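Visitor: The sequence isn't on hand, but the structure is:
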């Protein structure tokens, strides 16, 4: 069985929303992040500031002083976070077995009427991290 991923390593939904905004911005102030997420999730300035501070304490985001405000930038990549999330999924729901997850995906795609050929190239890989990323 694979190693257990810490639940703390995967950000909760609100932190993930702000992290996604930073990935697309590259770096930004609190207001930049707030505006980036406003279309899908209008948040107060103080809420975004608190979330970014949490991400900074966890090491997922770095901050540096620029003038009178802080500039935040992601320290964790989208790909590395996806790997953690997929590993957690495999460990939690598939007893650590990547092949069980791949079998499940094959079964679901055929049940849903999706042509198996459409997902076959991705799920025929021997390693889950390359198949799902």
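Guide: Arrived safely. Just so we're clear, the structure is a prediction, and the values are computed from it rather than from any experiment.

Visitor: which residues in this structure form helices?
Guide: 13-25, 30-38, 45-58, 78-93, 98-111, 116-123, 128-132 (DSSP state H).

Visitor: what's the closest of those helices to residue 64?
Guide: Residue 64 lies closest to helix 45-58 among the helices of the chain, at 10.5 Å (Cβ to Cβ). Bear in mind the C-beta positions are built from the backbone N, C-alpha and C, glycine included.

Visitor: if we can go back for a sec, mean pLDDT, distance to residue 65 and mean neighbour count added to the helices of the chain, as JSON lines?
Guide: Shown next, in JSON lines, are the helices of the chain (pLDDT from 0 to 100; distance: least, Cβ to Cβ, whole Å; neighbours: other Cβ atoms under 10 Å):
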{"stretch": "helix 13-25", "mean pLDDT": "96", "distance to residue 65": "17", "mean neighbour count": "18"}
{"stretch": "helix 30-38", "mean pLDDT": "97", "distance to residue 65": "13", "mean neighbour count": "18"}
{"stretch": "helix 45-58", "mean pLDDT": "96", "distance to residue 65": "12", "mean neighbour count": "17"}
{"stretch": "helix 78-93", "mean pLDDT": "92", "distance to residue 65": "26", "mean neighbour count": "15"}
{"stretch": "helix 98-111", "mean pLDDT": "88", "distance to residue 65": "44", "mean neighbour count": "14"}
{"stretch": "helix 116-123", "mean pLDDT": "51", "distance to residue 65": "44", "mean neighbour count": "12"}
{"stretch": "helix 128-132", "mean pLDDT": "51", "distance to residue 65": "37", "mean neighbour count": "16"}
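
Visitor: So for residue 68, which of those helices sits nearest?
Guide: Closest to residue 68 of the helices of the chain is helix 30-38 (Cβ to Cβ; 11.8 Å).
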